[in-house]
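J.: show me the folded form of this:
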Amino acid sequence: MPTPRFLAPLTGLLLAAATATLPLAASAHGTATHAAKTDESVVREQQDWGVAGLRRDAARTITIRMDDRMRFTPDRIEVREGETVRLVAHNDGATLHELVLGTRKTLAEHAELMKKFPDMEHGDPWMAHVPPGGTAEIVWTFNRPGPFEFACLIAGHFDAGMVGTVDVKPAARSATPKTR
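T.: Next up is the predicted model:
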């Protein structure tokens, strides 16, 4: 059914207004922020560096601050294998930053991809986008020992050295009694 002539200008205006808001809603690196992740909304998929944790299981909270000098404070954290940690990322800078967990290889690969697609949307539980002056969190279970990293993968930030280390110490193993 054709649009009545008197509604055509209004329809065009509404369509233009709706289209203008789409980039903000879809852009992870625009001015929009991601909805808070809840235990129910997080997909718990095993990664080399662990798995999304549940808030109720978080043994402790570690605050990581980031700024426009392209640095994290602290830039090194230590956890135990099997420990669930609530990482609170606070952006003290004037530009958007993010905290992304991974291996050196996965972070470097993703940083290169971000250069090509700077408005790439993110929603994985190991990623937190933090607007200037804002705070975001990641709840993560580090269920594998090893050195891992966290980084800001906004184009140019990783290359500028915005990287930190997560040292996951092996869980204490109980000694097996010797039999005679």
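J.: need the pLDDT of the residue nearest to the spatial centre of the chain.
T.: The C-alpha lying nearest the average C-alpha coordinate of the chain belongs to M127 (CA atoms, centre = their mean; 1.3 Å). Per-residue confidence (pLDDT) for M127: 96.
J.: what's it in contact with, if anything?
T.: Neighbouring residues of M127 by CB atoms under 8 Å, 6 or more residues apart in numbering: 98-101, 138. C-beta coordinates here come from the backbone N, C-alpha and C atoms, glycine included.
J.: for Q46, state which of those is nearest.
T.: Closest to Q46 out of the contacts of M127 is L101 (13.1 Å), distances taken as CB to CB.
J.: where's that closest one, which helix or strand?
T.: For L101, the host element (DSSP states H and E) is strand 97-102.
J.: after that strand, next one along is what?
T.: Per DSSP H and E, strand 97-102 leads on to helix 104-116 as the next helix or strand towards the C-terminus.
J.: then that following helix to CSV, C-alphas only?
T.: In CSV, the C-alpha atoms belonging to helix 104-116 read as follows (Å, rounded to 0.1, in the frame of the first residue of the first chain):
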residue,chain,number,x,y,z
ARG,A,104,50.0,-12.6,23.5
LYS,A,105,49.2,-14.2,20.1
THR,A,106,45.4,-13.7,20.3
LEU,A,107,45.8,-10.1,21.5
ALA,A,108,48.3,-9.2,18.8
GLU,A,109,46.1,-10.8,16.1
HIS,A,110,43.0,-8.9,17.4
ALA,A,111,44.9,-5.6,17.7
GLU,A,112,45.8,-5.9,13.9
LEU,A,113,42.2,-6.6,13.1
MET,A,114,41.1,-3.5,15.1
LYS,A,115,43.3,-1.4,12.9
LYS,A,116,41.3,-2.5,9.9
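J.: gap between it and the chain center?
T.: 14 Å (CA atoms, centre = their mean, to the nearest Å).
J.: partner strands of the helix or strand just after it and their direction?
T.: Once helix 104-116 ends, the next helix or strand along the chain (criterion: DSSP H and E) is strand 127-130. As defined by DSSP bridges, the strand partners of strand 127-130 come to strand 97-102 (antiparallel).
J.: quick one: contacts of the partner strand?
T.: Applying CB under 8 Å, 6+ apart, the contact partners of strand 97-102 are 47-50, 64, 66, 72, 87, 89, 91, 107, 110, 122, 126-130, 136, 138, 140, 148-154, 157, 162, 166.
J.: buried subset of the residues you listed?
T.: Neighbour counting with 16 or more other CB atoms under 10 Å marks 47, 49-50, 64, 66, 72, 87, 89, 91, 107, 110, 122, 126-130, 136, 138, 140, 148-154, 157, 162, 166 as buried within these.
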